[in-house]
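Colleague: Below is the structure, and that's it, no one-letter string:
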């Protein structure tokens, strides 16, 4: 079980502070949702946590050690990042693409072994992609490609999964399927951090929320408290209807707040 810590991260671009001393801890035992309006800094924070960009100030720590000190291969075994963009630059079969998720676990250019093939089959089944296995990626719809890329991340069996808008472009059935799968992973011990714009999904599936606005953490903790009316009005400029289902609370944006 792994922990990922953001310690006072500040990230600048073009003289603008995209992150302003952001601190947060992400660990196993539940799924954390990262929410906020467009331009709040959510993707920038995810990219810092994944080690794709370095903050001007502050530090990311993985299991107590600075992320930049981890060898690339060891870090890739521990941490998987699923970006917003669903682009694939090679004409690969779905099976071969998902198999790329096993590269950190293989030695050199050795052929995949039984454990690799089993992990790929499991990831394809978990994302409802088994029927797509023989197709090439360029023949897939946007939603199918999104699920296949999630399967690639899952195939590596990472201790930490960072998913940036994993339900974007998916139909309602597969949105629920993906969120249920991520929730199941979190409950089995994987540290899961997911960026969401769907506030209803965030309060229903996440155990904890972090609300960002203008590069700063506005609130963090219980989903119901983080999405309190005052925060929705101040940060999102909306009012919402909320209620209770057997599965948990739900939240439905009702109207914009224009004053």
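Modeller: Thanks, I have the structure now. As the structure is a computational prediction, the values presented were derived from the model and not from experiment.
Colleague: Tell me which residue is most central in this protein.
Modeller: residue 163 (1.7 Å; C-alpha atoms, centre = their mean).
Colleague: what helix or strand does it sit in?
Modeller: Using DSSP states H and E, residue 163 sits in strand 160-164.
Colleague: quick revisit: hmm, residue 150 and the residue nearest to the centre of the chain touching each other?
Modeller: Yes: using C-beta atoms under 8 Å, residue 163 is in contact with residue 150, at 7.2 Å. For glycine as for every other residue, the C-beta is placed from the backbone atoms N, C-alpha and C.
Colleague: Now the common contact residues for these two.
Modeller: residue 82 (C-beta atoms under 8 Å, 6 or more residues apart in numbering).
Colleague: ok, then the element right after the helix ranked longest in the chain?
Modeller: Longest helix in the chain by number of residues (criterion: DSSP state H): helix 172-187. Moving toward the C-terminus from helix 172-187, the next helix or strand (DSSP H and E) is strand 191-195.
Colleague: mind listing the strands in the protein by residue range?
Modeller: 4-13, 16-26, 31-35, 57-62, 65-66, 79-82, 160-164, 191-195, 208-213, 216-221, 238-245, 248-256 (DSSP state E).
Colleague: The second one pairs with which strands, parallel or anti?
Modeller: What that stands for is strand 16-26. strand 4-13 (antiparallel) (DSSP bridges).
Colleague: Could you do the last one as well?
Modeller: Within its sheet, and counting by DSSP bridges, strand 248-256 is paired with strand 238-245 (antiparallel).
Colleague: For the partner strand, list every residue counted as buried.
Modeller: 240, 242 (16 or more other C-beta atoms under 10 Å).
Colleague: Compute the first-to-last residue distance for stretch 62-81.
Modeller: End-to-end span of stretch 62-81 (C-alpha to C-alpha, to the nearest Å): 14 Å.
Colleague: Please apply the same query to stretch 228-247.
Modeller: First-to-last residue span, stretch 228-247, C-alpha to C-alpha: 19 Å.
Colleague: So what's the gap between it and the chain middle?
Modeller: On the basis of C-alpha atoms, centre = their mean, to the nearest Å, stretch 228-247 is displaced by 22 Å from the centre of the chain it belongs to.
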